[in-house]
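**Q** Attaching a predicted model along with its sequence, questions to come.
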Amino acid sequence: MTGKNLDAVRESYAASARGDVEGILALLAPDARWTEMAGFPYAGTYVGREEVLNGVFSRLGGEWADYRADPEEYVDGGDTIVVIGFYSGVYRATGKAMRVRFTHVWKLRDGVAVSFEQFTDTALVAKALSA
């Protein structure tokens with residue numbers, strides 16, 4: 001049996017796999033806080049769907065080819081959902097590929113995300129960015 005919050009997060013990754021950015025953003029509360037890890041190319045905290053779109057997803061789509069966030073495991077903590085998986089893609093400016101483990105921590109209320117925090121090996125991502 002899965003909960004409403006887990007189902008919502010699963011659908012967000014399904015939207016990502018389809019290339020449906022609007023489907024990903026639909027999970028977010030209007031004032032959701034989205035934090036990309038320090039050392040990641042898009043590091044910082046973005047508030048609201050528009051900031052997340054402009055600060056993260058538009059950049060990912062423009063700077064990476066075949067960028068993916070593939071979940072392997074979901075941990076259902078009720079209002080906190082943890083997702084473990086891999087990022088992969090090719091950085092267009094260097095032509096270098098990467099495959100990097102991630103952990104995402106989602107905080108939700110009634111199927112709507114109020115925060116997202118990313119944890120990943122930023123050194124491996126930086127290798128793909130360097131010429």
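**A** Arrived safely, thanks for sending.

**Q** List the beta-bridge partners for Leu28.
**A** Ala113 (DSSP bridges).

**Q** That one: neighbour count?
**A** 21 (other C-beta atoms under 10 Å). Yep, even glycine has a C-beta here, placed from its N, CA and C like the rest.

**Q** ditto for Asp76
**A** 14.

**Q** Then the one 3 residues further on?
**A** In terms of burial, Asp79 registers 12 neighbours under the definition other C-beta under 10 Å.

**Q** Who are the contact partners of Phe102?
**A** Counting by C-beta atoms under 8 Å, 6 or more residues apart in numbering, Phe102 makes contact with Ala69, Val83, Ile84, Gly85, Phe86, Tyr87, Gln118, Phe119, Thr120.

**Q** Packing partners of the biggest helix by length in the chain?
**A** As assigned by DSSP state H, the longest helix anywhere in the chain is helix 4-18. Packing contacts for helix 4-18, counted by 3 or more C-beta pairs under 8 Å, 6 or more residues apart in numbering; DSSP states H and E, involve helix 21-25, strand 64-77, strand 80-91, strand 96-109, strand 112-120.

**Q** in stretch 73-83, what's buried?
**A** Tyr74, Ile81, Val82, Val83 (16 or more other C-beta atoms under 10 Å).

**Q** what's the span of it, first residue to last?
**A** Start and end residues of stretch 73-83 are separated by 6 Å (C-alpha to C-alpha, to the nearest Å).

**Q** ok, residues contacting it?
**A** Contacts of stretch 73-83 (C-beta under 8 Å, 6+ apart): 2-3, 5-6, 9-10, 13, 71, 84-85, 102-109.

**Q** show me where pLDDT drops low in the protein?
**A** 1-2 (pLDDT under 70).

**Q** contacting residues around the longest helix of the chain?
**A** 2, 21-24, 26-27, 68-71, 74, 76, 78-79, 81, 83, 106, 108, 110-113.

**Q** CA atoms only: put stretch 124-131 into CSV for me.
**A** Only the C-alpha atoms of stretch 124-131 are listed here, as CSV (Å, rounded to 0.1, in the frame of the first residue of the first chain):
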residue,chain,number,x,y,z
LEU,A,124,31.7,13.7,-10.2
VAL,A,125,29.4,16.3,-11.7
ALA,A,126,32.2,18.8,-11.8
LYS,A,127,34.3,16.4,-13.8
ALA,A,128,31.7,16.4,-16.6
LEU,A,129,31.7,20.2,-16.6
SER,A,130,35.5,20.6,-16.9
ALA,A,131,37.2,20.8,-20.3
